[in-house]
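Q: Sharing a sequence plus its predicted fold:
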Amino acid sequence: ILDVDDEVREKEEAKLMTERFATDLPREVAEQTLHIQEIQKRIVSSLGDMIGSRDGNTGGHVKRTSYVIQLLVGEIIRRNKEGGGLEKFRCITEKAGADIARAAPMHDLGKIFIDTSILCKPGKLTEDEYAIMKTHAAHSGDIVNLILRDVEEESFVNIAYNMARYHHERWDGKGYPEGAAGGKIGEGIPIEARIMAVADVYDALVSKRCYKEPMTFQQAFAIMLEGMGSQFDPDMKDIFITCRKELEGYYSENNS
């Protein structure tokens with residue numbers, strides 16, 4: 001009888017341990033995942049601050065473009081939910097949208113490799129200097145891979161990499177680092193990079209840089225619309241127009 005009691009007790013204890021394991025493990029994994037993501041965010045933020053301290057604008061640029069991305073992606077998701085979104089944007093789900101927003105601060109990390117004399121040059125860059133500046137896009141993609149690969153889910157890494165490497169590609173194939181020769185033309189450009197391009201250029205237009213004063217909202221708006229179909233995905237036009245009021249309100253308060 002005692003042997004049977006011991007056996008029953010051991011089985012009950014084993015059952016309780018299994019139940020606790022099944023309950024506690026997912027929670028602990030989730031906590032560790034959030035901890036890792038927080039570390040990554042701080043690393044990215046620190047790198048952005050380092051770059052910002054060198055060229056005087058990239059730190060603010062990172063924060064502002066992150067907001068613009070959230071606004072544009074939010075509008076795309078809203079349209080998808082209401083059934084009015086274009087088929088090409090249906091891939092921007094809630095999760096994909098969150099990943100795009102989380103990846104946005106990483107798009108310019110490659111500027112850490114660009115010499116300060118080029119980053120901070122007050123005038124127009126020479127052809128050689130511009131060629132060096134353009135390498136920041138490929139470097140940004142490399143850094144994303146270095147930081148995230150093997151520690152983040154593949155879908156997020158791919159989104160972050162595409163945004164970092166291809167945000168200077170153009171709809172007409174005249175962008176970099178690959179351009180039309182590398183298949184980065186029109187729909188061949190990852191959709192998240194096309195969204196990043198709109199945010200990146202708009203911020204550059206309406207913000208003060210070491211080489212220029214900020215444009216007025218009206219001037220920037222006209223240039224952005226003119227670029228739809230040449231520099232930018234033409235289907236981003238209506239989304240951008242819808243977000244115009246909120247964009248201008250945000251920049252009126254935060255552009256410094």
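A: Looks like it arrived, so ask away.
Q: The closest residue to Gly74 other than its chain neighbours sits in which helix or strand?
A: Spatial nearest neighbour of Gly74, excluding adjacent residues (C-beta to C-beta, 6 or more residues apart in numbering): Gly97 at 7.2 Å. To be clear about C-beta, it is placed using only N, CA and C from the backbone, and glycine gets the same treatment. Using DSSP states H and E, Gly97 sits in helix 94-103.
Q: C-terminal to that helix, what's the next element?
A: Assignment by DSSP H and E places the next element after helix 94-103 at helix 116-119.
Q: Name the residues of that following helix that are buried.
A: Ile118, Leu119 (16 or more other C-beta atoms under 10 Å).
Q: Likewise for stretch 160-175?
A: Neighbour-count burial for stretch 160-175 flags 160-171, 173, 175 (criterion: 16+ other C-beta under 10 Å).
Q: Those: which two are farthest apart?
A: Farthest apart among these by C-beta to C-beta are Ala160 and Gly173. That separation is 23.4 Å.
Q: Trp171 against Gly229, yeah?
A: Yes - counting by C-beta atoms under 8 Å, Trp171 touches Gly229, with 6.5 Å between them.
Q: where along the stretch 1-150 of the chain do the helices fall?
A: Under the criterion DSSP state H, counting those that start in this stretch, helices of the stretch 1-150 of the chain are mapped to 2-55, 58-82, 94-103, 116-119, 127-148.
Q: Can you say which of the ones you listed is nearest to Leu109?
A: Distance to Leu109, taken as C-beta to C-beta, is lowest for helix 127-148 among those, at 4.4 Å.
Q: on contacts alone, who are the packing partners of the closest one?
A: Using 3 or more C-beta pairs under 8 Å, 6 or more residues apart in numbering; DSSP states H and E, the elements in contact with helix 127-148 are helix 2-55, helix 116-119, helix 154-166.
Q: Comparing those helices by mean pLDDT, which bottoms out?
A: Mean pLDDT across the helices and strands packed on helix 127-148 is lowest at helix 2-55; the value there is a mean of 69.
Q: Low-confidence stretches in the chain?
A: 1-8, 20-22, 25, 40-41, 44-59, 256 (pLDDT under 70).
Q: Please report how far the most centrally placed residue in it lies from Met17.
A: Taking C-alpha atoms, centre = their mean as the criterion, Ala104 is the residue nearest the geometric centre of the chain, at 1.8 Å. From Ala104 across to Met17, the span is 44 Å (C-beta to C-beta, to the nearest Å).
Q: just Tyr251 next, same as before
A: 57 Å.
Q: Which of these two has more residues huddled nearby?
A: Between Tyr251 and Met17, Tyr251 has the larger neighbour count (other C-beta atoms under 10 Å), namely 20 against 10.
Q: Nearest spatial neighbour of that one, chain-adjacent residues omitted?
A: Nearest non-adjacent residue to Tyr251 (C-beta to C-beta, 6+ apart): Val206, at 5.4 Å.
Q: Contacts only, for the one you found.
A: Pro214, Met215, Phe217, Ala220, Tyr251, Asn255 (C-beta atoms under 8 Å, 6 or more residues apart in numbering).
Q: Thank you, goodbye.
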